[in-house]
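Q: Take a look and give me a structure for this.
(3 chains)
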Amino acid sequence: MREYKRAWRERNAAHIWEYRAAYDAEHPDVKRAEARRYAEKKRQERRRKQSRQVSSKKYYEANKAKHHEYTRQWRLRKLAEDPEGYRAARAVIQRRWYEKHRDERNAKLRAEHRENPELKRAAARAYYAAHAEEQKAKRRAYYAANREKVLAANRAWKDRETRRLHAGLPPRRLHTTPVAERRANTAAADAFFAQQWPAEEVAALRRRRGLSLEAVEPVPAEVVARFERDSQRARIEHTLATDFSYADRARTAEARRYLAAQQPRGWQIRAAAEEARMDAIGKQINNRLRHREPPRRPHHLDPAAPHPMLSPNNPMGMNR
DNA sequence: GAGGATCAGCATTGTGCACT
DNA sequence: AGTGCACAATGCTGATCCTC
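A: Have a look, this model is predicted:
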């Protein structure tokens, strides 16, 4: 009977709709009352659901230990009943969760590792020590399977090293900063940038350097003129480089001649001197930041062993 | 080939809610 | 009041890739 009625309603949906609309138009008060009843019913449902949640939560909080024990037993039972099926079902659920929280979780793992890398390192060292041969065999198998890839990576590395040596650059050493050092750096930066200078101290500093406001000389007209010339030159250079309406060669040459004419006599000499001065500053900074002796950890199995990089046969020792 | 960083995946435990 | 289960989170281990 139910099925028959459902089919009938489906067949006559348009008719029912018309009939309802006509009835509602004739009895607006009935329609309103119906709407109110419906809204009230929904509200009640929501309230009931909420109170169920609250009481469930209360019950859970009151019987937490019991519930944990129950859940533990339930899981053991399920596992015993059907180990394969249970594991598979669980894996699906976990997979779902993992897909949804992949980035978040990985970020968390990275942060944890950064906070305390020793934990993981110690475990890795122990593992390597216990499975040295196995690991080496795996490495060899990987090499056998990916020989070209490994060789290409080695070539790329050697090329880079060669370029570095020719350019006279210091060795490139990537290393993470230990937690303690990171903390100290942050604290120092905070102390430096957040420090408040009392007005009288600022005044004292200025006096000591002959920078008191009264003593500041007006900027010489010549310096102002040079600054304005340089600014204009930079603007023109920028326009030439970016505005295609200046693509015409003759006009470009003309503009350059104009720029040259604008420069005061001897500007090339002065520019070279400035260049040399900037170079000297750059070198100083470079020297200060250079890693002279890159940090090394002793060999994890044999702390007395020389580092492979120091081996005369190791191509990586080329920078020594 | 050593050792580090990162990530995936399984194990374990905790939490909350629907349902009986 | 109690059960059952999905989702959430963390622990632990090993795989893979990277740098040197």
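
Q: Which helix or strand in chain A has the lowest average pLDDT?
A: Least confident helix or strand of chain A, by mean pLDDT, DSSP states H and E, is helix A:249-262 with a mean of 68.

Q: name the helices or strands packed onto whichever helix or strand comes after it?
A: Next along the chain after helix A:249-262, taking DSSP states H and E as the criterion, comes helix A:267-289. Applying 3 or more Cβ pairs under 8 Å, 6 or more residues apart in numbering; DSSP states H and E, one finds that helix A:267-289 makes contact with no other helix or strand. C-beta here means a position set from N, CA and C on the backbone, and glycine is covered the same way.

Q: Please save the CA atoms from helix A:267-289 in PDB.
A: Coordinates of the C-alpha atoms in helix A:267-289 are reproduced here as PDB (Å, rounded to 0.1, in the frame of the first residue of the first chain):
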ATOM      1  CA  TRP A 267      82.700  61.200 -13.300                       C
ATOM      2  CA  GLN A 268      84.200  58.000 -14.600                       C
ATOM      3  CA  ILE A 269      87.200  58.200 -12.300                       C
ATOM      4  CA  ARG A 270      84.900  59.000  -9.400                       C
ATOM      5  CA  ALA A 271      82.600  56.100 -10.300                       C
ATOM      6  CA  ALA A 272      85.600  53.700 -10.500                       C
ATOM      7  CA  ALA A 273      86.700  54.900  -7.000                       C
ATOM      8  CA  GLU A 274      83.200  54.400  -5.700                       C
ATOM      9  CA  GLU A 275      83.100  50.900  -7.300                       C
ATOM     10  CA  ALA A 276      86.400  50.000  -5.500                       C
ATOM     11  CA  ARG A 277      85.100  51.300  -2.200                       C
ATOM     12  CA  MET A 278      82.000  49.100  -2.500                       C
ATOM     13  CA  ASP A 279      84.200  46.200  -3.400                       C
ATOM     14  CA  ALA A 280      86.300  46.600  -0.300                       C
ATOM     15  CA  ILE A 281      83.200  46.800   1.800                       C
ATOM     16  CA  GLY A 282      81.800  43.600   0.200                       C
ATOM     17  CA  LYS A 283      85.100  41.800   0.800                       C
ATOM     18  CA  GLN A 284      85.100  42.800   4.400                       C
ATOM     19  CA  ILE A 285      81.500  41.500   4.900                       C
ATOM     20  CA  ASN A 286      82.400  38.300   3.000                       C
ATOM     21  CA  ASN A 287      85.400  37.700   5.300                       C
ATOM     22  CA  ARG A 288      83.300  38.200   8.300                       C
ATOM     23  CA  LEU A 289      80.600  35.800   7.300                       C
END
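
Q: do the helix or strand hosting A:Lys158 and DNA strand C meet at all?
A: A:Lys158 is located in helix A:147-166, with elements delineated by DSSP H and E. Yes. Helix A:147-166 comes into contact with DNA strand C (Cβ under 7 Å from any atom of the strand), by way of A:Ala153, A:Asn154, A:Trp157.
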